[in-house]
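Novice: Everything below, folded, please.
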Amino acid sequence: MNWKYDYYKLMITRLFKGRFLNRGDYNTMVAESTSCKNTLLNKLDYILANVAFGVQPGDYFIYELYKYRNPFYRNHNVNRTRLIFMRSRLNDQTSTDFLTSKPDFYNAYNEYLGRKWCCVDDVSEEEFIKRLSSANGHVFVKPIGGYGGEGARKVSADENELRKLYRELSDSEDKYLVEEYYEQKGFFHDVNPSSLNTIRMITLKCDDKIELVYAFLRVGMADSIVDNLHSGGLSYVIDIKNGEILKGVNYRTNEVEIHPSTNTKVTGHIIPNWESVVDFTVKLHKMAPEGAHMIGWDICVSDDEIIVIEGNASPAFLRDVRFSDNTWKKLGKAMSAI
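Specialist: So this is what the prediction gives:
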């Protein structure tokens, strides 16, 4: 399939529709940024990057394009426009539906979840209490259609609280999944104890070979129960060759070495048993539907235990560790092979 033709057609269409003029988010981000100056040069440069490569405001800050104006570097980045384009190319609708549906995913990967769970609509109140009242102090509530940690909350696993929770969720028009709150241990817990901090592992299937192509650590901030970048968290790029955690980023600042909430030095930490984490992730991908070629796995490492939190059909990327990595080229090769 000639994906390049469709891609360049998309880019030309964006240009004529004037989509590069959506500068509102850029103005908001640059006003909050401690790294990017609000200069005319940067504003014009952002528009140029948007026109030429589809760079969105978040991409401009995460990839530090205000510092790196090299067009070859910019062409390596998997920005938001490219991600939206390629997700339907690399994952068919069946696999996307599977990864999006938390109940389907949890049923298929139940052995690797490391925690109890249930969908409120599928069990009686007594079964709900029986299954979760012995949970580890708390349960975690997730909207089944939620994204980016939106609507998630942590609730006491006390029987009375669980009964109240069950009745509340049963009366809601939305559907919810409730799971045992997993108590993470070790370094990744200590970085920010209020959240479950996960490693986003992105695997790619190309010519029947599955390999890890990208990874980054996601860490919440003080008092947050989620680790998502969109919810104010930090993301630290990981060198997939050896499991070394590099400098962290968010939409306001870059090159974060020490977590600001706990003063824990994150940059430079080598993830123990990195090869086992990679093997675990590849094993998960082998169990996925045939049409799933790119999956972002949220992996929790807790001392010597490794569990999966969820899978994503449209995982975001950060900057490449090395210029030679060229993640966009790897994804293009996979799109050409399908």
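
Novice: what's the burial count for the closest residue to residue 297 other than its chain neighbours?
Specialist: Closest residue to residue 297 apart from its sequence neighbours, by C-beta to C-beta, 6 or more residues apart in numbering: residue 201 at 4.6 Å. Any C-beta I mention is one placed from the backbone N, CA and C, and that applies to glycine too. By the criterion of other C-beta atoms under 10 Å, residue 201 has 27 neighbours.

Novice: same question, residue 324
Specialist: 8.

Novice: Same check on the one 3 residues further on?
Specialist: With neighbours defined by other C-beta under 10 Å, the count for residue 327 comes to 19.

Novice: Same check on residue 285?
Specialist: Residue 285: 21 neighbours (other C-beta under 10 Å).

Novice: cool, and residue 220?
Specialist: By other C-beta under 10 Å, the residues close to residue 220 number 25.

Novice: Report the separation between it and residue 194.
Specialist: Residue 220 sits 6 Å away from residue 194, going by C-beta to C-beta, to the nearest Å.

Novice: for the helix or strand harbouring residue 212, which positions count as buried?
Specialist: Residue 212 belongs to strand 209-219 when assigned by DSSP states H and E. Within strand 209-219, the residues scored as buried using 16 or more other C-beta atoms under 10 Å are 210, 212, 213, 214, 215, 216, 217, 218, 219.

Novice: Quick check: of the residues you listed, which lies closest to residue 116?
Specialist: Residue 116 lies nearest to residue 218 out of the buried residues of strand 209-219, by C-beta to C-beta, at 23.4 Å.

Novice: which residues touch that closest one?
Specialist: 197, 198, 199, 200, 227, 228, 229, 233, 234, 235, 298 (C-beta atoms under 8 Å, 6 or more residues apart in numbering).

Novice: before we move on, the earlier item: am I right that the residue nearest to residue 297 falls within a strand?
Specialist: Yes. Per DSSP: H, G, I helix; E, B strand; the rest coil, residue 201 lies within a strand segment.

Novice: Now for the chain, the helix or strand with the poorest mean pLDDT.
Specialist: When the helices and strands of the chain are compared on mean pLDDT, DSSP states H and E, helix 24-32 comes out lowest with a mean of 86.
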